[in-house]
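K.L.:
just the structure for this:
(chains A and B)
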Amino acid sequence: MQLRRRRQSRPAIRDFSRSARPSIRGYGMEVDSTDAEVSKRDRLVNNLQNLSVSDRVRMLRGMPLSVAEKSELSQIPCCSQLKYYIIIGARHSWYSWLNFLHSLQLWQVALKTVSGRFGTGVLSYFLFLKTLLFFNFFLFLVTGAFMVLPQAVHPPVLPAGRSSFSGLELLTGAGYFSDTVMYYGYYSNYTLRKSCRDDGGVQNVSLSNGTRLDCVSKHLSYNMPLAYFFTIGVAFFITCIILVYSMSKSFGQSFRIDKSHSILAMKVLCSWDFKVIKKTSVKLMSENISTQLKELLAEVNQKHVKNTACQKLWRLMVHGLAWTICIGSTTACVLKLQQSSRIADNNLLLTEASLLALPVVVSLINLLLPGLFNLAAWMEDYESPSVRTYVAICRNLMLKVSVLGLLCYHWLGRVAADPEDIGLKCWESFVGQELYRFLLMDFIFTLLDTLFGEFLWRLKVLKRRRKPVFDIARNVLELIYGQTLAWLGVLFTPLLPAVQIIKLFLLFYIKKSSVMMNCQAPRKPYRVSQMTTVFITLLCFPSFLGASVCVTITMWSITPSSSCGPFRELKTMFQAGKRWVEELEKDNPNLSVLARAHSYLVENPFFLFVGAGIFLIVIYFHSQVVDGQRKIISLLQEQIENVRHHLNTVYTALCNYEDNYKTN
Amino acid sequence: MGTTASQLGKDLLSEYQELTFLTKQEILLAHKRFTELLTKDEKDLPNTRVPAERILTLPELKSNPFRKRICHVFSTSEQKDGSLTFEDFLDLLSAFSDSATLEIKSHYAFRIFDFDDDGTLDCGDLEKLVNCLTGETDETRLTTEEMRQLINNILEESDIDKDGTVNLSEFQHVISRSPDFVSSFKIVL
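P.N.:
Prediction:
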């Protein structure tokens, strides 16, 4: 037993109070059981004495002994009194920090009710929602502290002719809201200083020629364009790190090398969900397990019926037809979207309400097309439920990626390239407003879908006998879509994370009440760890990656508007950072190293290629290690077989020898 | 070491935090729910043992088909009647908590499924286990033939040393292949 290892090592079996080595049990080893127990305990105490305090605590916790037995073992004197008290003090402060974190847990009672009735599968949707809430909260804190707050405290001079507040703003995000701290256009392009209020307004200091103010303030100055640029960059960078870390952790927990054997044993030994406590749900779970066991038995014990060539061809045709329907409908919708977006451009400033047309169309597409995909899947009749889920996810993903791709091209490729063509003074604020509208429409349509899809069952309008099942995959994809919109919009609408937080909060309660009242537990087996890993991967790769690529393109290559925002008069947003470095170099020639480092590392794409190359090499090495481990496992299993066969042979030979000896 | 009536001392609280996987809030909540199960005169005695029938009235255990086995496994009484003291109760919650390791959970799962307490899962244990899983009604129960086939398949898949029973190491080997075990072997108050 390697007691010195930092990671959790499995305690040796000999140290367990109730021995679990039955191959020795029954062969007369219990003769001196009490002595054996005592000597075992002494050995254990001896081992524990050699450990450091934290290792000892970790070992004690990991032992399957009762609390009374453990407390006896822990009364072991160690090191000097002072060191002991310091260590105990440190541990107590660590525990208080953990308790504080634990007390911040949100929605614990609600989550317990949901898991008590529906099990771990449906619970994973709500946990995913909670995770997204924390991402947005972090984003809101960062943008709020570094961008919104300084600008709100130093409001710029506003142009004349502001519209007054009418209720429509909440839906369109335009009108009164367009000249508030909500959008890009409000932010100043100069360094904010605590002003001397001779003329009642803030001095307009140009960044480039550095004219001095009449009254030089001794207070801190705040370079708004730089702050805007770096806040967005740092927020995205930290979100990327957190996402990749949680993705790798989830992958590590759910990846299993050798899953094809022992399906029945796993089903019997591991499938009971102890979280379910409601009586009817327990009964349902028993029924499900019974059905699955019977199906698995039939599958494992019967010869697999080979499909004839004719049947195979028929299945292929059906699959082909289903995929054609799905891809065809997606392409048709995307083309129609392209058309209507072009029309929307031309009639842009007609009425405020017409701005809502495009978001409504997109939300309708997102709502109706997955229903069509479900119909196609029903026609195809998949054998394995997990394959069916993956195909449904693929199709939904394809739809959402194409819709979002088209919208990004429309905004960045057309609106940003030629804003005067459409009559826009500030295209960034316009894009920000569009994203706000899309987010809001997505929420309203989810609300309507929940109402009509799930509540409508109650009115028995569709005359269905069974309650609808909560479609976890589809709902999680909706969440990922909403989060992509939020990430796309942070650059243009710094308050968008706040809107997303409110939306997720309301969505939690709406979905929870709908599930509790109207849905039944899923009947098909749902692999929670695997699906959670898939969802986090989808959140990281198409969703976050796509959003960050769009934001990077905007910052690196698109010209900002010349009359609004913190980057007016600059060629690209990236220039704000570059200019600051140049100024630093001018003021202090010793910092030229920084300037050169900046120009080599950040501007040169070579560095990115090298980084990506190293990343790929690391992934390749890890995959080779996994392959090697797989081979070792199969070799070891062969060895066990051989040893068993060998022992059998020896045993039979011994028995024969004994028989011969007895007869002779 | 014992627990007094209504208040849990600070020393005891920190000791329990060290020895179990529970946080302070979870221990306090467990104490609250445990004292609710005590009668008026029992509340003043230290180290009271609550009989299994009262423990089984807790909503988290009431409908669980393994409830009697759970009480039996965590009980430290000499009569083996499934009665739990507060510390046994904490042991139970610690093994079923969020932060418990796979080794602890698989060890206790093995003991819960070992219906005859002989240290291995033989055919009788597996049959009782499957009956617990599939429930009481006739439609869901497996037929004798199906049960025999199922147990043969399980032993074929998981019995590595071919002694006709599943011991702890073989059990842990099967469990380690299922990534969902850790998240489903949980009870939260």
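
K.L.:
from chain B, which residue is nearest to chain A?
P.N.:
Distances between chain B and chain A by Cβ to the nearest Cβ are smallest at B:Gly135, namely 3.3 Å. Where you see a C-beta, it was placed from the backbone N, CA and C, and this is true even at glycine.

K.L.:
if I pick that residue, what's in contact with it?
P.N.:
Contacts for B:Gly135 (Cβ atoms under 8 Å, 6 or more residues apart in numbering or on different chains) come out as A:Lys283, A:Ser286, A:Glu287, A:Ser290, B:Pro65, B:Arg141.

K.L.:
count of residues packed around the nearest residue to the third one once chain neighbours are set aside?
P.N.:
Which is A:Glu287. Excluding the flanking residues, the one nearest A:Glu287 by Cβ to Cβ, 6 or more residues apart in numbering or on different chains is B:Thr140, at 5.4 Å. Residues within reach of B:Thr140, counting by other Cβ atoms under 10 Å in any protein chain shown, total 19.

K.L.:
could you verify my assumption that B:Thr140 touches A:Ser290?
P.N.:
Yes: counting by Cβ atoms under 8 Å, A:Ser290 is a contact partner of B:Thr140 at 3.9 Å.

K.L.:
what do these two both touch?
P.N.:
In contact with both B:Thr140 and A:Ser290: B:Thr134, using Cβ under 8 Å, 6+ apart.

K.L.:
can you get me a residue count around the nearest residue to A:Ser188 once chain neighbours are set aside?
P.N.:
For A:Ser188, ignoring the flanking residues on the chain, the nearest one in space by Cβ to Cβ, 6+ apart is A:Pro156 at 4.6 Å. The tally of other residues near A:Pro156 (other Cβ under 10 Å) stands at 19.

K.L.:
which pLDDT value goes with A:Thr211?
P.N.:
We have a pLDDT of 38 for A:Thr211.

K.L.:
tell me the centre residue of chain B?
P.N.:
Against the mean C-alpha coordinate of chain B, by Cα atoms, centre = their mean, the closest residue is B:Ile70 at 3.4 Å.

K.L.:
now name the helix or strand holding that one.
P.N.:
In the assignment (DSSP states H and E), B:Ile70 maps to helix B:67-74.

K.L.:
could you dump that helix to PDB, C-alpha only?
P.N.:
Taking C-alpha atoms only, helix B:67-74 is exported to PDB below (Å, rounded to 0.1, in the frame of the first residue of the first chain):
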ATOM      1  CA  ARG B  67     -34.000   0.100   2.500                       C
ATOM      2  CA  LYS B  68     -33.800  -2.900   4.900                       C
ATOM      3  CA  ARG B  69     -30.400  -3.900   3.600                       C
ATOM      4  CA  ILE B  70     -29.100  -0.300   3.900                       C
ATOM      5  CA  CYS B  71     -30.200  -0.100   7.600                       C
ATOM      6  CA  HIS B  72     -28.600  -3.500   8.300                       C
ATOM      7  CA  VAL B  73     -25.300  -2.700   6.700                       C
ATOM      8  CA  PHE B  74     -24.800   0.600   8.500                       C
END
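
K.L.:
B:Leu150 versus the residue of chain B closest to chain A, what's the distance?
P.N.:
As judged by Cβ to Cβ, to the nearest Å, B:Gly135 and B:Leu150 stand 15 Å apart.

K.L.:
ditto for A:Gln253
P.N.:
For A:Gln253 relative to B:Leu150 (Cβ to Cβ), the value is 29 Å.

K.L.:
more crowded one of those two?
P.N.:
When A:Gln253 and B:Leu150 are compared for neighbours, B:Leu150 comes out ahead with 24 against 15, by other Cβ under 10 Å.

K.L.:
check the more buried one and give its pLDDT.
P.N.:
Taking B:Leu150 on its own, its pLDDT is 91.

K.L.:
check whether it really touches B:Thr144, as I assumed.
P.N.:
No: counting by Cβ under 8 Å, B:Leu150 does not reach B:Thr144; the two are 10.6 Å apart.

K.L.:
tell me the secondary structure for the residue nearest to A:Ser188?
P.N.:
Following DSSP: H, G, I helix; E, B strand; the rest coil, we place A:Pro156 in the coil state.

K.L.:
and it, its phi and psi?
P.N.:
phi -80, psi 170 (degrees, to the nearest 10).

K.L.:
confidence score at it?
P.N.:
79.

K.L.:
try A:Asn189
P.N.:
Reported pLDDT for A:Asn189: 79.

K.L.:
excluding residues flanking it in the chain, which one is nearest B:Ser75?
P.N.:
Closest to B:Ser75 by Cβ to Cβ, 6+ apart is B:Gly82, at 5.0 Å.

K.L.:
what of A:Trp272?
P.N.:
Nearest to A:Trp272 is B:Leu133, by Cβ to Cβ, 6+ apart, at 6.1 Å.

K.L.:
now what about whichever strand or helix holds the one you found, what contacts it?
P.N.:
Secondary structure from DSSP H and E places B:Leu133 in helix B:123-134. Residues outside helix B:123-134 that contact it (Cβ under 8 Å, 6+ apart) are A:268-269, A:271-272, A:286, A:289-290, A:293, B:65-66, B:113-116, B:121, B:140-142, B:147, B:150-151, B:154-155, B:164, B:166.

K.L.:
and the next helix or strand past it?
P.N.:
Criterion used, DSSP H and E; the element after helix B:123-134 is helix B:144-158.

K.L.:
hmm, which helix or strand of the chain has the shakiest average pLDDT?
P.N.:
No chain in the question, so chain A it is. When each helix and strand of chain A is scored by mean pLDDT, DSSP states H and E, helix A:33-49 comes last, with a mean of 69.

K.L.:
picking that back up, in the helix holding B:Leu133, which residues are buried?
P.N.:
B:Asp125, B:Leu126, B:Glu127, B:Lys128, B:Leu129, B:Val130, B:Cys132, B:Leu133, B:Thr134 (16 or more other Cβ atoms under 10 Å in any protein chain shown).

K.L.:
and stretch A:563-576, by the same measure?
P.N.:
Quick answer for stretch A:563-576 (16+ other Cβ under 10 Å): A:Cys564, A:Gly565, A:Pro566, A:Phe567, A:Arg568, A:Leu570, A:Met573, A:Phe574, A:Gln575, A:Ala576.

K.L.:
identify the farthest-apart pair in the residues you listed.
P.N.:
A:Cys564 and A:Phe574 (18.2 Å; Cβ to Cβ).
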